[in-house]
Every structure is written in C-alpha cells, then in structure tokens.
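A.B. asks: coordinates only, no sequence provided:
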C-alpha cells in the first residue's frame, strides 16, 4: 500500500494533531464544575445512568478511530501490485559551456551529449519523469519534471553551446535542491546526472541523501592552440602609432605549428609563422603605424592559411580596438615664436591653440588644461609655462638682474621636468635671473642665481624661464621637445589611457559613463541587449566574443570582448573513472546505470480506497448514535 494524497510524514502529523486535540478535550472533561440546579431530578430521569470513566474512555477511543480513518482517507491509500517498481525522477544537467563546442570531425561534444540524452529519454517509462537543465556560468532549467517525451526532445534539441565558462558548484546546488524539494513522492528513486566532457569533484559538504549522483564524460581529449592575450596600446607621450601584444598557448602534448595573422575586417596587416612547444607559450609584439583601422583582429590558422587550426575555434581569434587619442587642450600666447609653437604641435597628445598677446583674455583659461606664455606673465588659474618672464608687477615671478651670456651650472636632475636632460652647455645670449620664493625648485642657474624655476602651489604648477628661447640654441637641441613633453606631463600627468581593459566573456564589464538605459547595445551575433544596473552603474556581462557596439543618439563606441579562459581551452579535463563516473562514446548503448529502474510496462491505476474508508466512518457514527439512544453502552 502507498499513499497518493499525502506523504507518510504529512499523514502522521495530521493524525497526531487531531488525536491530540481529542485527548485534550477528554482530559478537560474531568475538570468540569458540578452545580446543583432545581431541575436536576428531571435531567436525571431523562438521561438515566451517568457515564462512568470506562464509558468515557471507550468514547475517546471511538473518536480517535474516526479521526484515524479521516486522516487515512485524506492520504488516499492504494494497493500497489508487488511487481510494480518505484518510478524514477531524474534531473539531467547538460554542460553547454564553451568547451562543449569543440568539434571532432563533423560533430561537436554537445552533439554527442544531445544524442545520449535523446537515447535516455527514449528509455523512460510512462511513470518516470525527467527535468532537463543547461549548465554554463549558471544552471538554467529547460523543463519541469515531465514524462512527455516530445517536450523533452524539443528541449534537448534547443541546447546550444556558447562562449561562457562552466560553474559546476552553482549547477550542482541548484539541481540537487530540485530533487530534494518537498512535493515529490517519497518512494521515487531520485537520480542526478551530469553530462559533460570531463568529470567534476562535488563539494565534500554536500548532503545527497537518497539522490543517486552519476557523471558521464564524453568526447576525446585533444590538443588546442589558443590566443590567451591580445592587446593594442597606443604609444605613450608624443610617439605616434600603436603597439600590439599577442600571446599564443599550446594546450597540447606535442609541438604545434600555426600562422598568426593580424588584420582588420578588410585588410591583412601582417602575418608570421609560429612554432609553439608542447604545453608552452609564445608571445609577439608588433608596431602598427597610425591611420590604420581601429578594429583589429588576431587569428590563428594552419600553416597553409586555410581552415581552422584545431577543433576549438572560439579561442583562435581575438579582438582589439585601437584607443583614440584624446588630445589635451593647450593655449599658447606668443607673438609668433615658431620654435615653441611647432614643438608643441608635434605632440599628437596635445591640441594646441595659438593666439597673439593682444587677443588674450583671462577668461579664456577656463577652456584649456594648460597654458604657455611667451614674453608675458599674467596670473594663471591653470598650469602655466612662462618663457622670457618680463619685469611686471602682476607677474607671479619676480625678475632680478639681467645677465649677458650666463655660464650655466649643471641642471638639477631629480625633478620631473629636468629628468634625463642636460642643459649645461646651452648657449644663451642674455637672461634675467629670477628671485625664488619659499618652496620653489631651481632647475637651472648660473653662479649668481636661478634662470629656470619650478613652482608648485597645491595642485597648481608653473614653470618660468628667465630667457627667450629664440635668443639661445635650446630649440636646436633634442632636449627642447623633451623638455616641453616633461613639462606637460608634470602639469597634467601622464596620459595613461593607452588602451582598453581586459574584456573577457563571462566577466562583468563597466560601461562608459554616458551609457544609460536607452543605450542600444548590439552583440557580435546581431542581437540587441540592455545593460544591467549594479552598484549605481550600468554593467554588461557578454556571452560571446567579438565587437560590441554601443549607440545612444549620435554617440557610439566599440568595445572588444575576447574569449580568454584557459580552463575551457584545455580540452582534456579529468577523465579518471570511479564510483558514479561513466566514460561514454557515441555509437555505444546508453549506460545501464542511467536507465536503471526505468520501466516501460503500463500498469492500471490502483483503485481508490478512500470511499470505502468514508463508508466505514459513516457506519461507526451510526452505531455510536444507536448505542447512545438505546443506552446500550452509554
């Protein structure tokens, strides 16, 4: 006999609660107060004999029997034939992570897994049920517990391998909780099956209870070449062009040869034949001239350049975007000193605007990040470089004596401006000495005092020259553009925005500040997704590698996302057999452990017994009424 309405635990709790209430009221009857009323003799004649404690106990047992039968009717007991086996409830978790997309000849590992699951579904009996789940970075149920083979077949056919890594621990916890939840019949055989390309190690703290855990590993171990790093960085400072860094890893047991191609979507930029040692890595750096396309790709192919270098193509191509140089605005106020103007304009990191002294207004400084003054010395609210400081009352630098052909002392070399520079042999026709203030740094001086002073007042920095560079041979030296570059770096900081952070599939990417909920994000496969809010910022978790396009209004940006996951790129994995571990190859039968308990026989539904139980309760109540009315026992 088996309960179909309630579990054994639920039946026990229900009956115990009802019987407890009956006993409570039985005990309460002994504490009733006795009161003598005027009509007491009449009631004694009507009722007759008083109930003795034995008769009360007999009535209690009758009440408990009725409550037991009511609880039993709610539990819906049915007699099950002895040859009828317990049904099987199975949760099948199929690995759809990136490594399952590895191809051997004409099929992928996921194709083999789908073939196994379809064969398993075909072996199910009419009373068996199966829940199908997909595992990558999480666990997604594709069906509820179902015996509908057509529904399960459609869910199996819909399985697709993406570029996400696997998260076995999360999938195990989710799938195990589905089998251990309330609501499943207690006599079911509960089975958890993981289908992957390697075996996994569950957490030792997990309590499986009555759940049978089986792992099936399929596919053959294979070597794999992978692009494990690809980065394009803009050259720092005034240097033009970009530098490319590529790293190739050999996740195999033998040496491999491949062709590395650097290209855009239309043009080939360069290629190189590579030889990578077994279990080794190989890195290469390249220089790319300015003006090339911004979207750059690196691709591994066989030596012939045709086809795929291996069966796992998702890590054979990497993507990068050449970062745009964001020039910093510099205001140059000069009567026409081409030495200064042209030296600054040669730096592609600077956006130089030149005006004449008579055009200068102090309010202009708010639109620039630094200023260069030649022959004038106004107070500046932004970092400023002063050449030929004049003797003016409003000038922040004080001019001292005029010196003809000063004999220079060695330049101070521990300051960011003068680092790696030597100006001791510079020829100057004439120069004014400058009067330093407390905290000033004398960078260049003669025997009588400083000619170049660096000043730092909080976050405001300035540099003053007491001579006109046109009256010296400084512009003819290599040190002059280096001096200007060092000064701008000291003023504004180094331009560290040389490239993009490492964007990889499965990682949470921070989007630019201008992105909002209305921003259109187009994935490499043409789908449109929306960003998700996390911690007050909008984030994106890409699932496939490639170029992601961000559009909002007239503004757009391209973000490269790569597949850099060495665990998924290693295509051999743990394949050591053991308890609950099954190695399976396509073309062989479904492992017997997976279909153990499946019964295709059709049994008639056991007849319901609760109507008979209710009839028995009705007869008991009738007997109780008759016995009471005719004073048989009561």
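C.D. replies: Structure's in. What do you need? Please read all numbers here as calculations on a predicted model, not as lab measurements.
A.B. asks: list the residues that contact residue 206.
C.D. replies: 172-173, 176 (Cβ atoms under 8 Å, 6 or more residues apart in numbering). For the C-beta atoms, the positions are set from N, CA and C on the backbone; glycine is no exception.
A.B. asks: of those residues, grab the buried ones for ChimeraX.
C.D. replies: Buried residues among those (16 or more other Cβ atoms under 10 Å), as a ChimeraX selection:
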select :172,176
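A.B. asks: show me the contacts of residue 206 that map onto helices.
C.D. replies: 172-173, 176 (DSSP state H).
A.B. asks: redo the contacts of residue 206 as a markdown table? Include pLDDT.
C.D. replies: Shown next, in a markdown table, are the contacts of residue 206 (pLDDT from 0 to 100):
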| residue | pLDDT |
| --- | --- |
| 172 | 95 |
| 173 | 94 |
| 176 | 94 |
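A.B. asks: of all the contacts of residue 206, which comes closest to residue 358?
C.D. replies: Closest approach between these and residue 358, by Cβ to Cβ: residue 173, at 75.4 Å.
A.B. asks: what's the closest non-adjacent residue to that closest one?
C.D. replies: Leaving aside its sequence neighbours, residue 173 sits nearest to residue 206 (Cβ to Cβ, 6 or more residues apart in numbering; 7.8 Å).
A.B. asks: show me where the stretch 351-500 of the chain has strands.
C.D. replies: Counting by DSSP state E, counting those that start in this stretch, the stretch 351-500 of the chain has strands at residues 370-374, 384-387, 398-404, 430-435, 441-446, 449-457, 460-465.
A.B. asks: any idea how far residue 212 is from the residue nearest to residue 173?
C.D. replies: The gap separating residue 206 from residue 212 is 14 Å, by Cβ to Cβ, to the nearest Å.
A.B. asks: with residue 10 instead?
C.D. replies: Residue 10 is 25 Å from residue 212, by Cβ to Cβ.
A.B. asks: what of residue 86?
C.D. replies: According to Cβ to Cβ, residue 86 and residue 212 sit 12 Å apart.
A.B. asks: find residues that contact each of these two.
C.D. replies: residue 189.
A.B. asks: and the ones in helices among the contacts of residue 206, which is closest to residue 226?
C.D. replies: Of all these, residue 172 has the smallest distance to residue 226: 27.0 Å, by Cβ to Cβ.
A.B. asks: wait, isn't residue 195 in contact with residue 94?
C.D. replies: Yes - using Cβ atoms under 8 Å, residue 195 is in contact with residue 94, at 4.9 Å.
A.B. asks: counting neighbours, go ahead and name the busier of the two.
C.D. replies: residue 195 (27 against 24; other Cβ atoms under 10 Å).
A.B. asks: just to revisit the earlier point, mind checking pLDDT for the residue nearest to residue 173?
C.D. replies: Here the pLDDT value assigned to residue 206 is 91.
A.B. asks: helix, strand, or coil at it?
C.D. replies: What DSSP: H, G, I helix; E, B strand; the rest coil gives for residue 206 is coil.
A.B. asks: likewise residue 260?
C.D. replies: Of the three states, residue 260 takes strand under three-state DSSP.
A.B. asks: roughly how far does it sit from residue 462?
C.D. replies: Residue 260 is 49 Å from residue 462, by Cβ to Cβ.
A.B. asks: these two - which one has more neighbours?
C.D. replies: Neighbour count, other Cβ under 10 Å: between residue 260 and residue 462, residue 462 has more, with 25 against 21.
A.B. asks: got the phi/psi numbers for residue 10?
C.D. replies: Per-residue torsions, residue 10: phi -60, psi -40 (degrees, to the nearest 10).
A.B. asks: could you report the neighbour count for the closest residue to it other than its chain neighbours?
C.D. replies: Spatial nearest neighbour of residue 10, chain neighbours left out: residue 75 (7.6 Å); criterion: Cβ to Cβ, 6+ apart. Applying other Cβ under 10 Å, we find 24 other residues in the vicinity of residue 75.
A.B. asks: surely residue 75 meets residue 11?
C.D. replies: Yes - Residue 75 is in contact with residue 11 according to Cβ under 8 Å; the separation is 4.3 Å.
A.B. asks: contacting residues around residue 413?
C.D. replies: 419-421.
A.B. asks: give me that answer again for 7 Å
C.D. replies: residue 419 (Cβ atoms under 7 Å, 6 or more residues apart in numbering).
A.B. asks: ok, residue 102 next?
C.D. replies: 108-109, 219, 222, 311-312, 571.
A.B. asks: which SS class is the closest residue to it other than its chain neighbours?
C.D. replies: Of all residues not flanking residue 102 in the chain, residue 312 sits nearest, at 4.4 Å (Cβ to Cβ, 6+ apart). Counting by three-state DSSP, the backbone at residue 312 sits in coil.
A.B. asks: what pLDDT does residue 312 get?
C.D. replies: 92.
A.B. asks: for burial, what's the neighbour tally of it?
C.D. replies: Neighbours around residue 312, by other Cβ under 10 Å: 27.
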